[in-house]
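Novice: Everything below, folded, please.
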Amino acid sequence: MPISSADRLTRPEPHLDVREVTAGYGGAPVVWDISIAVGRGEVVSVLGPNGAGKSTLLKVIVGGLRATEGSVRLGGEDVTGLPTDALVRRGLGYVPQDKDVFGRLTVLENLRVGGYLLDKADVEVRVESVLELFPPLKKMPKRHASKLSGGERKMLAIARVLMLDPEVLVLDEPSAGLSPQLATQMLTEQVSGLAERGHAILLVEQRAAAALEISDWAYVLVSGRTSLAGTSTELMAQGDFAQVFLGQAVRQRD
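Specialist: A predicted model of the protein is given here:
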């Protein structure tokens, strides 16, 4: 069972609210009875070892897989089962782990594509606004995405999604492929900065310790179930947390 905490009472109203979701691929469920809440201005992490069910849960949240039980609510609206494009129109932004930018397009072209729901005049205004958040990209508008470094490419992926100013951002392994230094910089500067601007951030991340450093709340999945949940301080105080990431079993809690 998840850890209970008085801090839960001080969290903001959920803008993304996943309730008792069970899902799989036609056989036995891969995730069971998962509930996750993310409010404006929060960074909420989903952690767990490989095979824990993080990817399956993420597919349900972003519209790539239908839940067999439970619901997903966005801004108070039940959006369970809606496709990704419909969720984007309702204020959800999704940055996948890979295939996150168009390599043959320039930085500027990628951003314009990201603003596909905006009027033409609004696209250019939004491009300028987004580039202010990512100074390195501002210096290379005509560089092709395929020529960017790993860190620059991930910045572009996030910037492209920000073109529609989503209220909720779902980030799948934003530090993947980056050096430890760049990974820490990405999380502490870019991801934290987005939460400070009022976005609700759901972060799926393998670098558990780094993710906890910036998280207001975190959930740990093991074998498709929520094994632990709480603030970073609470989780780090749990002996079971270390065991999860050593691949050892987590005992059930009352």
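Novice: Tell me the spacing between the closest residue to residue 85 other than its chain neighbours and residue 165.
Specialist: Distances taken as CB to CB, 6 or more residues apart in numbering place residue 63 nearest to residue 85, at 7.8 Å, with adjacent residues excluded. C-beta here means a position set from N, CA and C on the backbone, and glycine is covered the same way. With distances taken as CB to CB, to the nearest Å, residue 63 is found 19 Å from residue 165.
Novice: out of these two, which sits in the more crowded spot?
Specialist: A side-by-side neighbour count of residue 63 and residue 165, using other CB atoms under 10 Å, places residue 63 first with 20 against 15.
Novice: Would you confirm that the more buried one contacts residue 82?
Specialist: Yes: taking CB atoms under 8 Å as the definition, residue 63 is a contact partner of residue 82 at 5.6 Å.
Novice: For residue 12, which three-state class applies?
Specialist: coil (DSSP: H, G, I helix; E, B strand; the rest coil).
Novice: Quick check: pLDDT value at it.
Specialist: Reading off the confidence values, residue 12 has pLDDT 92.
Novice: now swap in residue 238 and tell me
Specialist: For residue 238, the predicted pLDDT is 78.
Novice: Test my guess that it contacts residue 231.
Specialist: No: here residue 238 lies out of contact with residue 231, judged by CB under 8 Å, at a distance of 11.1 Å.
Novice: tell me, what's touching the two both at once?
Specialist: Taking CB atoms under 8 Å, 6 or more residues apart in numbering as the contact rule, residue 238 and residue 231 touch no residue in common.
Novice: what ranges do the strands span in the stretch 101-250 of the chain?
Specialist: 168-172, 200-204, 217-222, 225-230 (DSSP state E, counting those that start in this stretch).
Novice: can you list contacts of the second one?
Specialist: Where contact means CB under 8 Å, 6+ apart, the residues beyond strand 200-204 that reach it are 15-16, 36, 38-46, 54-55, 58, 61, 167-174, 187, 191, 194-195, 211, 215.
Novice: and with 6 Å instead?
Specialist: Strand 200-204 is contacted by residues 15-16, 38-40, 42-46, 54, 58, 168-172, 194-195, 211 when judged by CB atoms under 6 Å, 6 or more residues apart in numbering.
Novice: And for stretch 105-121?
Specialist: 101-102, 123, 126-127, 137, 140-145, 156, 160, 163-164.
Novice: Put the buried members of those residues into a ChimeraX selection.
Specialist: Isolation of the buried members of the contacts of stretch 105-121 (16 or more other CB atoms under 10 Å) is achieved in ChimeraX through the command below:
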select :101,102,123,126,127,137,144,145,156,160,163,164
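Novice: between the contacts of stretch 105-121, which is nearest residue 183?
Specialist: Taking CB to CB as the measure, residue 183 lies nearest residue 156 of those, at 16.5 Å.
Novice: Quick check: the closest one touching residue 101?
Specialist: Yes: counting by CB atoms under 6 Å, residue 156 touches residue 101, with 5.2 Å between them.
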